[in-house]
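Trainee: give me coordinates for this.
(2 chains)
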2 protein chains.
Amino acid sequence: MNLIAELTELLGPTHVLTGADCAAYTKDWTGKYTSDPVAVARPANTAEVSETLKLAARHGVDVVPVSGRTGLVGGAMTRGGLMISVERLNKIRELRPETRIAIVEAGVILDRLHSAAEAEGLYFPLWFGARGSAMIGGVLSTNAGGSNVLRYGSTRALCLGLEVVLADGRVLNLMSELHKDNSGYDLRNLFIGAEGTLGIVTAAVMKLVPQPRAYATATLAAKSLPDALVLLNRLQEATGGAVEAFEYMPASYMNGLAAARPDIRQPFTPPYPVTILVELGATAPRDATPSDTGEIPVTLLLQEVLAEMMEEGMVLDAEIAQTEAQRKAMWERRELAAEVMFAPKFVIGTDIALPLEQVETFLTRMAARLPLLDADAQDMCVAHLGDGNLHYSVYASGDDPVLHDQMVEAVEDEVAALRGSFSAEHGVGLSKRPSMARRKDPVALDVMRSIKAALDPDNRMNPGKVIPDRA
Amino acid sequence: MNLIAELTELLGPTHVLTGADCAAYTKDWTGKYTSDPVAVARPANTAEVSETLKLAARHGVDVVPVSGRTGLVGGAMTRGGLMISVERLNKIRELRPETRIAIVEAGVILDRLHSAAEAEGLYFPLWFGARGSAMIGGVLSTNAGGSNVLRYGSTRALCLGLEVVLADGRVLNLMSELHKDNSGYDLRNLFIGAEGTLGIVTAAVMKLVPQPRAYATATLAAKSLPDALVLLNRLQEATGGAVEAFEYMPASYMNGLAAARPDIRQPFTPPYPVTILVELGATAPRDATPSDTGEIPVTLLLQEVLAEMMEEGMVLDAEIAQTEAQRKAMWERRELAAEVMFAPKFVIGTDIALPLEQVETFLTRMAARLPLLDADAQDMCVAHLGDGNLHYSVYASGDDPVLHDQMVEAVEDEVAALRGSFSAEHGVGLSKRPSMARRKDPVALDVMRSIKAALDPDNRMNPGKVIPDRA
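Mentor: Next up is the predicted model:
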């Protein structure tokens, strides 16, 4: 029997898609990468994922896992491979408020986990624009970040246990719920962020945290980026580390937002050079309980620090959200980033990390360097400033791939000179393999190749992603 | 030339020890494991470690890294291998207060890093009894825990970057200082906790945290273990997670302490069944600034919660430290654990992790099960209760190895039934290899063997540790 017939026998005809039925799976959010799969298989559970992988192994077919398809790096694309969608592995197996864990399957949409945690007075702190579509499998496979990493860490910091199906169909059970568990090599963190090149994540034990009892959220204009960092440090110090988000939107971004979405109210017109969205979360009751006059301590604290810095000239203007609707409006400006940044043609997007104090130097150097490559190029960025993570984009004047690559190299040069990384939170996929080849320690690349060959000797698990070919 | 001659040429005669000169390196703290090395090499820097490993590879000699020799699991023992001591790699290469990182070499003693951080108003939060001898290399290689894991995490959570020398002498440079860096597989976490079986850690970038401005420390008697957990939850809630340590010392431990160290004052005579050492750390100024009447908020908060629970009958008695000397005395009782627990003959020590709410069930079940194996056996434990990490020991009536192994298996049975782990924070080494063989997911063991074979094809890096032989 051929692969398709065997798959159909295993999963049923409605869960093996071919030809035009695959259409929805062949494009991702960016529209930049397209696939040409032999079929899309939709197993219902871990056992079916295992059997599907055994079939693929027997037929020598490549395998690419897909979940929410919100990735930006082409990580789930294939030419002729079998796509395994985890969308039907969509159970929250357990949610235990008393131990603050959720056991979830790979196809659970991020926002469903948010709602389930909230119903128990808890919070799952991974938070980014695509949360209404992104699934836990993809979140884990890319070690996704987002806006709350500053306080709670990336995906890795929020995962206690993992279930993975290997290339040959064996199920690797690492479903620990413990906060301390030193029993051999750290396989969990190896599979997290491996983008499906070592196995397919089917389930995980995720940590939940107490839902903050109150938020204090503000949009403000800082005089400069260094002044914004002074604000961040003062708020961290005053609250003992309760800053949940510290997002940077330069004038180029606010103007881009105004152009793409004129319906969105601008906080400051014209925009100041440095707009910051800051949010504090009150976890302890004393920080969230309104005083006799109705003031919430965490909001008062934010007001005080902002007033002090306005007096000193480091903050130029500020709005503090007075209602949940105002808070949501502030976040919407930031979360339209993907829409805003990918609106123009000829976009070269990057996802870089820098030491916090080097962000300004990087932007200054790029502003000087860019015109030398393309006189009409424009740049724009939006940043998780608290993590030093910039989504820095260049809009080129045309689609010359050689020029685009020169621009990416220019970004990489400056990032490397400032001890940063060319890849922060979106993953490597297809798009950053050239950067991996150019910038990653060659010994590290060799070690990765050895591990890949050891766990996937036939190179069938999401081949051609993450690790560049040997030069 | 033979290996010793070549090593001597490389490192100089004073740094290649053989015969009786190796004596200090052939025993560890427990005295239970002994070594018989061909030599002890003491390279001065990463380049010399690399050259030493190349020599060992050429001669086909096994290699075992050693640092502070405070391990409890026989992880640094060898028969006929070359010991590589990292003691001369003892530089704090950089300590940058503004970015809160320290770049340290593997031979830096933990307490030296504590002092260096403290001099800058910062804190390195890995804290355990052996901190005056343990070195960063061993701390990283075992993913060490300790008393502050509850608030700050284990070693893995505190390491941003790593430098490792591989079996063939190549240097793997993963020295990132970034909080977000997704550039390929997570090799850093793979080498942390690998106990030298994949390579030798030579340096690392470690995170520092703000030094708490004040501590509130108490020794108290809880009515029961569940009551102690109520206290932990109330304190975490009231402070927004500022509990730095929550240590459990049952009556058996307090009696053991009284016997081993009659010079140490006992807090309650006779001891209550459940003695707890708790410490809160005030990070924000408002929690640490004395009021007009001199009270420190974090101490007041501890007093309030303790008073409330005494009223409710859940706390029976309590002492709050009024001076730093009193605080130190409270910690001394807990930190004498290694001395207390290894004082009797025929000790079977364990290092287990349990879901917090299962600790009492575990102890009850063992109390019933132990006499069936050995009528005269006694048990004792001391625990990082906030992490569910128990150091549970059994004192057998004799040294019958079969009986000892039955006791370890009995502990493993109950731990597995309660979804715990047989290994929490001390590492696997030699002592927990049988447990790995019996209890670890067989697919996980196979994946570990594949990775080991890929990175150390000749099985010369600390062979015979961590991963059990194939059955």
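Trainee: contact residues of the stretch 51-200 of chain A facing chain B?
Mentor: A:98-99, A:142-143, A:145, A:149, A:154, A:156-157, A:166, A:170-174, A:176-187, A:189-190, A:192-194, A:198 (Cβ under 8 Å from any Cβ of the partner chain). C-betas here are computed from N, CA, C, even on glycine.
Trainee: looking at chain A, which residue lies furthest from center?
Mentor: Relative to the C-alpha centroid of chain A, counting by Cα atoms, centre = their mean, residue A:292 is the outermost residue, at 41.2 Å.
Trainee: which parts of stretch A:300-317 are buried?
Mentor: Buried residues in stretch A:300-317, counted by 16 or more other Cβ atoms under 10 Å in any protein chain shown: A:301, A:302, A:305, A:306, A:309, A:310, A:314, A:315, A:316.
Trainee: C-terminal to the top helix by length along chain A, what's the next element?
Mentor: In chain A, taking DSSP state H as the definition, the longest helix is helix A:401-417. Going down the chain from helix A:401-417, the next helix or strand is helix A:433-439, by DSSP states H and E.
Trainee: if I pick the closest residue to residue A:229 other than its chain neighbours, what's in contact with it?
Mentor: Of all residues not flanking residue A:229 in the chain, residue A:356 sits nearest, at 6.1 Å (Cβ to Cβ, 6 or more residues apart in numbering or on different chains). In this structure, residue A:356 makes contact with A:229, A:385, A:386, A:388, B:99, judged by Cβ atoms under 8 Å, 6 or more residues apart in numbering or on different chains.
Trainee: which two of these have the greatest separation?
Mentor: The span of these, defined through Cβ to Cβ, is set by A:385 and B:99 at 14.4 Å.
Trainee: and the residue farthest from the centre of chain A, how far is that from residue B:286?
Mentor: Look at residue A:292 and residue B:286: by Cβ to Cβ, to the nearest Å, they are 19 Å apart.
Trainee: contact partners of the host helix or strand of residue A:446?
Mentor: For residue A:446, the enclosing helix or strand under DSSP H and E is helix A:442-455. Applying Cβ under 8 Å, 6+ apart, the contact partners of helix A:442-455 are A:166-167, A:190, A:197-199, A:436-437, A:459, A:461, A:466-468, A:470, B:166, B:170-174, B:184-185, B:187, B:447, B:450-451, B:453-455.
Trainee: now it against helix B:442-455, angle please.
Mentor: 140 degrees (axes from the mean of the first three to the mean of the last three Cα atoms, to 10 degrees).
Trainee: what residues sit buried inside helix A:442-455?
Mentor: Neighbour counts using 16+ other Cβ under 10 Å place A:443, A:444, A:445, A:446, A:447, A:448, A:449, A:450, A:451, A:452, A:454, A:455 of helix A:442-455 among the buried residues.
Trainee: which helices and strands does the stretch of helix or strand residue A:56 belongs to pack with?
Mentor: Using DSSP H and E, residue A:56 maps to helix A:46-59. Applying 3 or more Cβ pairs under 8 Å, 6 or more residues apart in numbering or on different chains; DSSP states H and E, one finds that helix A:46-59 contacts helix A:3-11, strand A:82-85, strand A:159-165, strand A:200-207.
Trainee: let's see 6 Å
Mentor: Identification of packing neighbours for helix A:46-59 by 3 or more Cβ pairs under 6 Å, 6 or more residues apart in numbering or on different chains; DSSP states H and E yields helix A:3-11, strand A:159-165, strand A:200-207.
Trainee: ok, back up a step: which elements pack onto the longest helix of chain A?
Mentor: For helix A:401-417, the packing partners by 3+ Cβ pairs under 6 Å, 6+ apart are helix A:359-373.
Trainee: and the contacts of the helix or strand following the helix it packs on?
Mentor: Per DSSP H and E, the first helix or strand lying C-terminal to helix A:359-373 is strand A:378-384. Strand A:378-384 is contacted from outside by A:248, A:249, A:252, A:253, A:256, A:337, A:390, A:391, A:392, A:393, A:394, A:395, using Cβ atoms under 6 Å, 6 or more residues apart in numbering or on different chains.
Trainee: for the second one, which non-adjacent residue is closest in space?
Mentor: Closest residue in space to residue A:249, ignoring its immediate chain neighbours: residue A:275 at 4.4 Å, by Cβ to Cβ, 6+ apart.
Trainee: next, count neighbours for the one you found.
Mentor: 26 (other Cβ atoms under 10 Å in any protein chain shown).
Trainee: circling back to that earlier point, comparing residue A:385 and residue B:99, which residue is more hemmed in?
Mentor: residue A:385 (25 against 14).
Trainee: need the pLDDT of the residue in the stretch 351-471 of chain A that chain B sits nearest to.
Mentor: Residue of the stretch 351-471 of chain A nearest chain B, by Cβ to the nearest Cβ: residue A:454 (3.8 Å). Residue A:454 is assigned a predicted lDDT (pLDDT) of 98.
Trainee: what residues go with each domain of chain A?
Mentor: A:3-85, A:92-210, A:214-334, A:344-428 (automatic domain parsing).
Trainee: now the worst-scoring helix or strand of chain A on mean pLDDT: how far from the chain's centre is it?
Mentor: When the helices and strands of chain A are compared on mean pLDDT, DSSP states H and E, helix A:285-288 comes out lowest with a mean of 85. Computed by Cα atoms, centre = their mean, to the nearest Å, the chain-centroid distance of helix A:285-288 equals 31 Å.
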